[in-house]
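Q: Structure here, sequence nowhere to be found:
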């Protein structure tokens, strides 16, 4: 494939290490019967290995300069479709259901550091469509996603993704595996969707608001940060929900487990309904 320079504005760092590429493919474990989505295929280094498996391959690439090169690379292959689009704006559910024939999808992606959290939330919105996601992220983001409660890396993204996925760090990728060379390490993580949510949260949209509110001001107590997020109408409902949940309002959000967040969200939601 013709060389195309990485665009700093798009956060592009092209993976060039054959050993790392092979390890990612092993994590994806593609077979001829699979449907595979690659987000940001770049110059196609990983794409070639995924396509060679015989799986149905769909790529979404934002860089218009790369589209004709990818089309030329895979011309004549019936199992390949490469389209231009912004993964943050494309109707992902419609895209995958219209092409998957009822099958669940495997996902491979080297996510730009500047949009990785936003893309993860997009995947979370339609987690039921996936069999497995193998994502390369900035190591710092990977540390957050696999962090236990009561540590600085544990946050809203950790809690919300853990509700629907088993998350495992596969391996670390050093900067020299990319061109241009980034300044930080990367991590490859596997996300396996659960058959059902890990905890009963009730209204999931409300649950997300509670979790995000709890981490909005990390240095404040849970009581104060949830008050600031609008979960107290001045009627004592927040204190009552905390008491029913068995959670001390003097704790900080980062100390709560997923199950505690779920219980608190149910109690808060019930209080709002009764009000």
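A: The structure has been received and is ready for your questions. Note that the structure is a prediction, hence the values are computed from the model and not measured. Numbering: from 1, shown residues only.

Q: And the helices in the stretch 51-200 of the chain?
A: Counting by DSSP state H, counting those that start in this stretch, residue ranges of the helices within the stretch 51-200 of the chain are 67-73, 92-100, 116-125, 139-145, 156-162.

Q: tell me what the first one is packed against?
A: Under the contact definition 3 or more Cβ pairs under 8 Å, 6 or more residues apart in numbering; DSSP states H and E, helix 67-73 sits against helix 45-52, strand 56-61, strand 80-84. Every residue, glycine included, has its C-beta placed from N, CA and C.

Q: Turn those into CSV, including mean pLDDT, mean neighbour count and distance to residue 175.
A: Below are the helices and strands packed on helix 67-73 laid out as CSV (pLDDT from 0 to 100; neighbours: other Cβ atoms under 10 Å; distance: least, Cβ to Cβ, whole Å):
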stretch, mean pLDDT, mean neighbour count, distance to residue 175
helix 45-52, 97, 20, 16
strand 56-61, 97, 23, 23
strand 80-84, 96, 16, 28
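
Q: among the ones you listed, which is nearest residue 151?
A: Shortest distance between residue 151 and those, using Cβ to Cβ, is found for helix 45-52: 32.1 Å.

Q: on that earlier part again, reformat the helices and strands packed on helix 67-73 as TSV; add distance to residue 105.
A: Output for those, formatted as TSV (distance: least, Cβ to Cβ, whole Å):
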stretch	distance to residue 105
helix 45-52	12
strand 56-61	8
strand 80-84	13
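
Q: Which one, of these, ends up nearest to residue 162?
A: Closest among the helices and strands packed on helix 67-73, using Cβ to Cβ: strand 56-61, at 25.7 Å.

Q: Parallel or antiparallel, list what pairs with the closest one.
A: strand 35-39 (parallel), strand 80-84 (parallel) (DSSP bridges).

Q: quick revisit: so which of the helices of the stretch 51-200 of the chain is the most packed in?
A: helix 156-162 (a mean of 22; mean count of other Cβ atoms under 10 Å).
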